[in-house]
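Participant: Structure of the sequence below:
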Amino acid sequence: MMLPASPLLGTINYLEVIRNGSAVELMVLLLLACVSAVSWALIGKKAMQLKKAQSQSLTFLDTFWKATRLDAIYTAAKGLDASPLSKVFCAGYEELTKLAQAKEGEGAMSERLGGIENVERALNRAASTQITELEAQVPFLGTVGATAPFVGLFGTVVGILNAFNEIAEKGNASLSTVAAPIGNALFATAAGLFAAIPAVVAYNSFVSRIRIFDTEMGNFSADFLNIIKRHFFK
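Facilitator: Residues are numbered from 1 along each chain as shown. Model (predicted):
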């Protein structure tokens, strides 16, 4: 036989929690609320950035393999400013253009300004720059995920200490006296987990997606170098 659920089960009077909280508890809750708001804003911003980067990278790759002229690819790539692959290509193409302009007399391009090594360095620099841009602010999510539970736990410990001090002063340790203050103190731990869990999930997702971009840029750089070696550095 199932017992009827109490109407008070699972309900939290947040105003009562705030009203009865100590200054330290309120500071902890305010800090966690601010951190959680910043984390959600950053998660939305970074998710849109990576989604746009992926979409434009697919468009760029389609253009790159279908086009027959590098200058046409370069023109298309300049319009795909959210794609890390297009940025890497532009850096390599611009370095290749400098080498072509520096060619003099009968000297081979490979003998000018370091030749293919200059292009390779330009591609590597561009790839590193793109990874840095993609990773911007992502470590903040990792920090929130690692520290928010402990901040919440700190608020809970302070709240429980205050509750026991109050019990000691009143000399009454009945369940009705203990339950409310300790329950309010545990709210800080719940707030810490609420801030940490989305941050950890988003951090792991973003790091995984950025690692894929890193691999794709490395593969594209190798393909691009092979193409220009065959056509420009014979």
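Participant: Can you tell me what sits against stretch 202-214?
Facilitator: 39, 43, 46-47, 50, 53-54, 57, 84, 127, 130-131, 134-135, 138, 141-142, 145 (C-beta atoms under 8 Å, 6 or more residues apart in numbering). (Each C-beta comes from the backbone N, C-alpha and C, glycine too.)
Participant: out of the residues you listed, which are inside strands?
Facilitator: Counting by DSSP state E, these place none of their members in strands.
Participant: Buried among these? Make that a PyMOL selection.
Facilitator: To isolate the buried members of those in PyMOL, using 16 or more other C-beta atoms under 10 Å:
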select buried, resi 39+43+46+50+53+54+57+84+127+130+131+134+138+141+142+145
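Participant: Report the mean per-residue pLDDT for the helix or strand encompassing Ala196.
Facilitator: In the assignment (DSSP states H and E), Ala196 maps to helix 175-232. Averaged across helix 175-232, pLDDT comes to 87.
Participant: What of stretch 133-143?
Facilitator: Mean predicted confidence for stretch 133-143 is 94.
Participant: hang on, the earlier thing: for the helix holding Ala196, what is the distance to the chain centroid?
Facilitator: 6 Å (C-alpha atoms, centre = their mean, to the nearest Å).
Participant: what's the answer for stretch 79-86, then?
Facilitator: Using C-alpha atoms, centre = their mean, the offset of stretch 79-86 from its chain centre is 19 Å.
Participant: Any idea how far apart the tips of that stretch sit?
Facilitator: 9 Å (C-alpha to C-alpha, to the nearest Å).
Participant: Next up, the contacts around the residue nearest to the spatial centre of the chain.
Facilitator: Centroid-nearest residue in the chain, with C-alpha atoms, centre = their mean: Val138, separated by 3.0 Å. For Val138, the contact set (C-beta under 8 Å, 6+ apart) comprises 46, 203, 206-207, 210.
Participant: rerun at 6 Å
Facilitator: By C-beta atoms under 6 Å, 6 or more residues apart in numbering, the contact list for Val138 reads Phe206.
Participant: Does Ala82 belong to a helix, a strand or coil?
Facilitator: Recorded secondary structure, Ala82: coil (DSSP: H, G, I helix; E, B strand; the rest coil).
Participant: Quick check: it vs Phe60, distance?
Facilitator: To Phe60, Ala82 is 10 Å away according to C-beta to C-beta, to the nearest Å.
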